[in-house]
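1. Please work out how this folds:
(one chain, ligands or ions: 1)
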Amino acid sequence: MYTDIHSHVIWGVDDGAETKEETFRMLREAVADGIGTIICTPHITPGIYAFPEEKFQDNYSAANAWIKENDLPLKLYQGAEILFTDATPQMLRDKRIPSMAGSRYILVEFSPAEKMAVIMDALQQITATGYLPIIAHLERYSNIRTTDQVREIKERFQAMIQINARSLFRRQPLLRRRFFSGLFQEGLVDFIATDTHAAPGRESCMSKGMEALRRQFGAGTADAIERRPYGVILKNLSDKMIASFSNG
Ligand SMILES: [Fe+2]
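-> Modelled structure (predicted):
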C-alpha cells in the first residue's frame with residue numbers, strides 16, 4: 001500500500017476537489033490506485049489568502065465519516081502545501097498551519113522560477129522555527145537542476161524531497177531525465193506523491209509513477225521509496241521529542 005503525502009482531495013478549500021462528490025470519487029480512485037494512506041495537503045498561502053480552516057476541518061471529518069461508512073481501507077491525515085511567503089515563519093511559530101500528519105515536517109513549495117538564494121533563505125527561516133521542510137515537486141523549480149544543489153539543501157536543512165508521480169511517466173526533456181537519474185541513483189528522493197486534483201489529467205497516478213520508477217531506476221529504488229513515508233513522517237507522530245515540540 002502506498003502513502004500519498006501530497007493530495008488536494010478535500011473539497012472546497014483550494015483548487016482541488018470542488019464538491020464532496022468529487023472528494024468521494026477521488027478517495028475511491030486512490031484506493032484503486034493502491035494507496036492506503038493520504039496526507040491531505042490543501043494549498044495555504046500565509047498572509048496572502050486566508051485559509052478556510054473551519055471548512056477544512058468539517059470537510060476532512062466528513063470525508064473520514066464517508067470512508068468509515070463505505071468501509072474503505074484508507075487512512076487520512078491532515079497537512080498542507082505551504083507556498084513560502086514572508087508571513088510563513090511567524091504562522092508556523094504560532095502553529096496556525098497544519099504540519100504533515102502532526103509531525104515536525106511541513107510540505108513547502110516555491111514559485112517555479114524562484115532564485116536559489118531565496119529558496120535557501122526560506123529553508124533557513126523554516127528550520128529556525130523548529131519545523132523541517134519537505135520540498136514539494138522538486139522537479140518544478142528551474143533553478144534547482146543539479147544533484148549537488150539537492151544534496152546541499154538536504155544536508156543543511158535536513159530537508160526531504162518529493163517528486164510528483166506524474167513526472168516519472170510523462171515525457172521529460174533530456175536534461176530533466178538526466179537530473180532525475182542522478183537524484184535516484186544518489187538516493188536523494190524521499191517521496192513520490194500524486195499531487196492529485198479533481199481535474200482531468202491530475203488524477204491519482206501513484207501506481208503508474210511507481211511502475212515507471214521501477215522500470216527506469218530498478219526495483220530497489222522503488223521499494224526504498226515505497227517504504228519511506230511510513231518510516232519517516234508517520235513515525236514522528238510517536239516520537240517523544242517531536243510530540244513535546246508540537247505541544248509546546
Ligand atoms: Fe499540490
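
2. how much space is there between residue 9 and the ion?
-> Going from residue 9 to the ion by CB to the ion, to the nearest Å gives 11 Å. Using the backbone N, CA and C atoms, a C-beta is placed for each residue, glycine as well.

3. What strand or helix carries that residue?
-> Taking DSSP states H and E as the definition, one finds residue 9 inside no helix or strand.

4. Could you count how many residues lie near the nearest residue to it once chain neighbours are set aside?
-> Sequence neighbours aside, residue 26 is the residue nearest to residue 9 in space, at 4.8 Å (criterion: CB to CB, 6 or more residues apart in numbering). Per other CB atoms under 10 Å, the neighbour tally for residue 26 reads 25.

5. Three-state assignment for residue 26, please.
-> Assigned state for residue 26: helix (three-state reduction, DSSP: H, G, I helix; E, B strand; the rest coil).

6. which SS class is residue 38?
-> Classification of residue 38 by three-state DSSP places it in strand.

7. okay but it is in contact with residue 78, surely?
-> No - with contacts defined as CB atoms under 8 Å, residue 38 does not count as touching residue 78, sitting 10.1 Å away.

8. Looking at the two, which is more packed in?
-> Remark: of residue 38 and residue 78, residue 38 carries more neighbours, 29 against 17, as counted by other CB under 10 Å.

9. Quick check, pLDDT for the more buried one.
-> pLDDT for residue 38: 94.

10. That one: what's it in contact with?
-> Neighbour list for residue 38: 3, 4, 7, 9, 27, 30, 74, 75, 76, 77 [criterion: CB atoms under 8 Å, 6 or more residues apart in numbering].

11. Quick check: the closest residue to residue 158 other than its chain neighbours vs residue 218, distance?
-> Closest residue to residue 158 apart from its sequence neighbours, by CB to CB, 6+ apart: residue 132 at 5.0 Å. Distance from residue 132 to residue 218, counting by CB to CB, to the nearest Å: 28 Å.

12. which of these two has more neighbours?
-> Counted by other CB under 10 Å, residue 132 and residue 218 do not tie: residue 132 has more neighbours, with 21 against 13.

13. Tell me the spacing between the more buried one and residue 74.
-> Using CB to CB, residue 132 is found at 26 Å from residue 74.

14. And residue 176, by the same measure?
-> Distance from residue 176 to residue 74, counting by CB to CB: 32 Å.

15. same question, residue 46
-> Per CB to CB, residue 46 is found 29 Å from residue 74.

16. just residue 114 next, same as before
-> Residue 114 sits 34 Å away from residue 74, going by CB to CB.

17. Please enumerate the strands of this protein.
-> Remark: strands assigned in the chain by DSSP state E are 2-7, 35-40, 43-44, 75-78, 81-83, 105-109, 132-135, 160-164, 191-193.

18. For the ion, which of those is the nearest?
-> Taking CB to the ion, strand 81-83 is the member of the strands of the chain nearest to the ion, at 4.6 Å.

19. Other residues contacting the closest one?
-> Contacts for strand 81-83 (CB under 8 Å, 6+ apart): 6, 8, 41-46, 48, 88, 97, 106-111, 136.
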